[in-house]
Structure formats: C-alpha cells, structure tokens
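**Student:** after the sequence you'll find the predicted model.
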Amino acid sequence: MRTQTVTFRILRFKPGRIEPPRFMDFEVRCEPWMTVLDGLEQIRLNQDATLMYRHCCHHASCGTCACTINGTPALACANRIADLQADIITLAPLANHPCLGDLAVDMTSFFLEMDPQWANVRICEGVTVERIPENSHQVLRLENCIECGCCVAACPVTSPAEEFMGPAILAAMNNEIRNRPAAKKSLLRMAQDPTGASKCQRHLVCSQVCPSRVYPARHIADLLRAMGKPIPPKKSDQ
C-alpha cells in the first residue's frame, strides 16, 4: 500500500457563520495506516483550525468520534482511509442528533434517556475458575455499548418527526432486565410505552452499524417477546 491523496468532503455548519450548511473539500495526503480521524486531525492542524468534531480515545472505546462516513454512521477512529477504497470521503454529522457545528452533535437527550441507576457492568461470560482473582467469586465487565449514537442515527424510525425511544435506550432496558430481574416489571412498563419497543419496524440497520456488536435489534426482539407482542418481520423479508 502507498501514500495517497484523498478528498475529505465535509458538511460544514457554524450557527451564524457557516449557514446554511454546505460541503467543503480538503485534500489530505494519507499514509496507509491513517484512519478517518487521523485525516480530520491533519485538516484541523494544517488547513482549518475551526473544524469541529469530537474525539477522545482513538481506539473505538469512547464513541465520541462517531459521524456519518460515506453515508453510514461509524467511528472515525475505527475506519482506515485505505479500507474505504474511495478517492472522496464524505463526512457529515450523525443524523437524528442536533448539530452543534460541523461534525459535532448534541448528545444531551441521548444521555438523559439513560437512567443513571442502571448498571453499566455485567458478569463476564466464559471466564474459567483459574482466571478469577483470589478472594473474588466472579469477574465483571463493562457493557458493550459505548454510547456512540450510531444506532440512533441509522434508525429509519428515529427522527425529529417520530416519537420513538430508539434502539440504544431499548437495548439498555433489556440489559438492565438481565442484570436486575427484580426490576423486570417496571422496565417492561417503560418498554410498553407507545414510543417504545412496538414502534420498531425491524430494519435491523441499528445492529448493522453498531461498532461494538450490541445488536440492539436483538434486544428489542427480546423485549417484544417478554411483552407478549409479535415480532415484525425483517424489512428485507417483506
């Protein structure tokens, strides 16, 4: 693989400054190892210091760099430029989230839907007795969800015009039922809200774009079963 020049076509927006939103092109000299996030860093450092985007961990653990890459919600740090096999990389903010500026979106409502009392850890599966530390009886791990918002951005049912809890919150509810069976009744009441699990149309794109394999559609199906509701056919089956 060799160094290549790639065009980053970025949807820019700054309230009162770049309005309405419009695309701007930046030429980036890319090494084979560079990710989309590396490209954004190059643009901000060498071409336009006003470019807005979020980032933190650089290794797909925090979810903050999620944006729309060539039409698909994804993590900028987890997608190598060379793997995209495109001369033009089109970047836009995540859909279904208010845009603060450029690729940065407001995640406030996303996090407010998550009850802070819900567990964010679970028992680690497949751990042998030999691997459990002395004086411990089990090993806990963080939940898979990194709260990146990709599933919400991809969901065709989630939009400002629709009232739908969305795949992330419903998956979190189902996880909480697994972690706290005693809370099952109250959580299912929440899921039975008119804006809840029954609004899912089984497009399955939420599971397809999830970078940490949470598979939200599977969790929603579990909730529907627990509620005694029919699971709609996959859109691809219709």
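**Tutor:** Yep, it's here. None of these values were measured; they are calculated from a predicted model. Numbering: from 1, shown residues only.

**Student:** got phi/psi on the residue positioned nearest the centre of the chain?
**Tutor:** Closest residue to the average C-alpha location of the chain: C150 at 2.6 Å, with CA atoms, centre = their mean. C150 adopts backbone torsions of phi -60, psi -40, taken as degrees, to the nearest 10.

**Student:** after the helix or strand encompassing C67 comes which helix or strand?
**Tutor:** For C67, the enclosing helix or strand under DSSP states H and E is strand 66-69. Past strand 66-69, heading to the C-terminal end, the next element that is a helix or strand (DSSP H and E) is strand 72-75.

**Student:** which helices and strands sit right next to the next helix or strand after that next one?
**Tutor:** Scanning forward in sequence from strand 72-75, with DSSP H and E defining helices and strands, the next element found is helix 81-84. On a contact count with 3 or more CB pairs under 8 Å, 6 or more residues apart in numbering; DSSP states H and E, helix 81-84 meets strand 4-14, helix 36-46. To be clear about C-beta, it is placed using only N, CA and C from the backbone, and glycine gets the same treatment.

**Student:** any chance of JSON lines for the ones you listed, columns distance to W118 and mean pLDDT?
**Tutor:** Conversion of those to JSON lines gives the following (distance: least, CB to CB, whole Å; pLDDT from 0 to 100):
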{"stretch": "strand 4-14", "distance to W118": "33", "mean pLDDT": "97"}
{"stretch": "helix 36-46", "distance to W118": "29", "mean pLDDT": "98"}
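
**Student:** on that earlier part again, partner strands of the strand holding C67, with direction?
**Tutor:** According to DSSP bridges, strand 66-69 has the following sheet partners: strand 72-75 (antiparallel), strand 88-92 (antiparallel).

**Student:** give me the contacts around the first one.
**Tutor:** With contact meaning CB atoms under 8 Å, 6 or more residues apart in numbering, strand 72-75 is reached by 37, 60, 63, 65-68, 94-95, 148-151, 153-154, 209, 211.

**Student:** any idea how far apart the tips of stretch 200-218 sit?
**Tutor:** By CA to CA, to the nearest Å, the extent of stretch 200-218 from end to end equals 11 Å.

**Student:** secondary structure element for C148?
**Tutor:** Element membership for C148, per DSSP H and E: none, as it lies in no helix or strand.

**Student:** and stretch 102-116, end to end?
**Tutor:** In stretch 102-116, first residue to last residue: 29 Å (CA to CA).
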